[in-house]
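K.L.:
return atomic coordinates for the entry below.
(4 chains, ligands or ions: 2)
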2 protein chains.
Amino acid sequence: MLTNACKYAIRAVIYLALNSDADKKLGAKQIASELDVPQAFLAKLLRKLSSDKLISSAKGPGGGFFLNKENLEKTVWDIITAIDDQQKLDDCFLGLVKCNSENPCPVHYIAAPFKEQLLNDFKKKTIAVMAEEMVENGTVITLNRFI
Amino acid sequence: MLTNACKYAIRAVIYLALNSDADKKLGAKQIASELDVPQAFLAKLLRKLSSDKLISSAKGPGGGFFLNKENLEKTVWDIITAIDDQQKLDDCFLGLVKCNSENPCPVHYIAAPFKEQLLNDFKKKTIAVMAEEMVENGTVITLNRFI
DNA sequence: AAAATAAAGGACTAAATTGTCCTTTACCGA
DNA sequence: TCGGTAAAGGACAATTTAGTCCTTTATTTT
Ligand code: FES
Ligand code: FES
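P.N.:
Numbering: from 1, shown residues only, chains lettered A, B, ... in the order given. Ligands and ions are numbered 1, 2, ... in the order given. So this is what the prediction gives:
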């Protein structure tokens, strides 16, 4: 579905949404350790997100990554398309060339509504909204390694 | 979600369910061409399925692969576990170490019911039932390359 | 028996994904 | 202005997944 790279990136951005701002930047090292993800690999992903303006960064002492107002209005979909060259969210679950209701595979009727919902969420909800919902639901803890 | 290998294998078995029996065996080459899948790769998968007694085979002229009664009572889950060493169907969609409702990720409430349904289908429905449903729904065509 | 056929088996290659490491650049504070 | 800090960048390595190819073995037909 999503690559590891993509999952790391999404988690990192949500983590930033919840824990950073222009006055509280976070280093790649710190984020990686909080998310229990390989440092250098995450650093590379953060660079990509930064160059795509999905997150903000500052060099030097006291520097790091954070989200500004524009960044908070991006969507998970923006992250997915930035990291995974070609994403496979609308692929058929059983590998048919095309997933559609005219020629559904045996699990299509289960998979299709799910994919639709998921895509809708990914495309419509901003990072800010996602983060907000997590706070409301008390699911903040889920982003780090302690189950 | 599922590897290509696994998808190929599932499609091949369903294809066999619909088109083969002890008196009408199908060669790897033929199946691969019908499913538009790499021959040698599929052949390897078929060997594995055969050695795991999920499909039947016969060597020599007139030989090939087919499903016997026992084979028809296997499930998609059997195929998945035979091909993908460790499957990732219950992984969290955003890469949390554990997917559960105590610590749901932002898409958990969408993903969880889907995964449950999918797993249930994969584990409960036999190949025979799957194939039957496809015939009833007229979805046979979907297994080959012509959308 | 010989030839043809098709699976069984396994060595090998290719590509994509995941991950590491080192150098450079920019920035801050002393 | 100098030293430390942290991102930017890119080369490189490792692993996993995907796919090919060739040889062997069993079976059938002539
Ligand atoms: S056709 Fe297979 S998931 Fe839609
Ligand atoms: S916790 Fe992420 S899908 Fe369940």
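K.L.:
show residues contacting stretch A:40-59.
P.N.:
Contact partners of stretch A:40-59, identified using C-beta atoms under 8 Å, 6 or more residues apart in numbering or on different chains, comprise A:5, A:8-9, A:12-13, A:16, A:22, A:25, A:28-29, A:31-32, A:35, A:63-68, A:70-71, A:74, A:78-79, A:82-83. Backbone N, C-alpha and C define where each C-beta goes, glycine included.
K.L.:
how near is A:L119 to chain B?
P.N.:
Using C-beta to the nearest C-beta, to the nearest Å, one gets 10 Å for the distance from A:L119 to chain B.
K.L.:
how about the CA coordinates for the helix or strand harbouring that residue, as CSV?
P.N.:
Element membership for A:L119 (DSSP states H and E) is helix A:108-124. Provided in CSV are the C-alpha atoms of helix A:108-124 (Å, rounded to 0.1, in the frame of the first residue of the first chain):
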residue,chain,number,x,y,z
HIS,A,108,-13.5,-5.7,-4.8
TYR,A,109,-16.7,-5.1,-3.0
ILE,A,110,-14.8,-5.1,0.2
ALA,A,111,-11.8,-3.1,-1.0
ALA,A,112,-13.5,-0.4,-3.0
PRO,A,113,-15.4,1.4,-0.3
PHE,A,114,-12.4,1.3,1.9
LYS,A,115,-10.1,2.7,-0.7
GLU,A,116,-12.6,5.5,-1.5
GLN,A,117,-12.8,6.5,2.2
LEU,A,118,-9.1,6.3,2.7
LEU,A,119,-8.4,8.4,-0.4
ASN,A,120,-11.0,10.9,0.6
ASP,A,121,-9.4,11.3,4.0
PHE,A,122,-5.9,11.6,2.6
LYS,A,123,-6.9,14.2,0.1
LYS,A,124,-9.4,16.3,2.0
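K.L.:
that one near ligand 1 at all?
P.N.:
Yes - using C-beta under 6 Å from any ligand atom, helix A:108-124 reaches ligand 1 at A:108, A:111-112.
K.L.:
interface residues of chain A facing chain B?
P.N.:
Proximity of chain A to chain B (C-beta under 8 Å from any C-beta of the partner chain) is limited to residues A:1-2, A:4, A:7-8, A:10-11, A:14, A:36, A:76, A:93-98, A:100, A:102-107, A:110-111, A:114, A:117-118, A:121-122, A:130, A:133-134, A:137, A:139, A:141-143, A:145, A:147.
K.L.:
what subset of those residues is buried?
P.N.:
The neighbour count (16 or more other C-beta atoms under 10 Å in any protein chain shown) marks A:1-2, A:7-8, A:10-11, A:14, A:76, A:93-96, A:103-107, A:110-111, A:114, A:117-118, A:121-122, A:130, A:134, A:139, A:142-143 as buried among the residues of chain A next to chain B.
K.L.:
what about the residues you listed, which are in strands?
P.N.:
Within those, no residue falls in strands by DSSP state E.
K.L.:
can you tell me which of these end up in helices?
P.N.:
Counting by DSSP state H, the part of those found in helices is A:7-8, A:10-11, A:14, A:76, A:110-111, A:114, A:117-118, A:121-122, A:130, A:134.
K.L.:
could you list the contact residues of chain A toward DNA strand C?
P.N.:
A:3-6, A:8, A:38-41, A:43-44, A:58-63, A:85 (C-beta under 7 Å from any atom of the strand).
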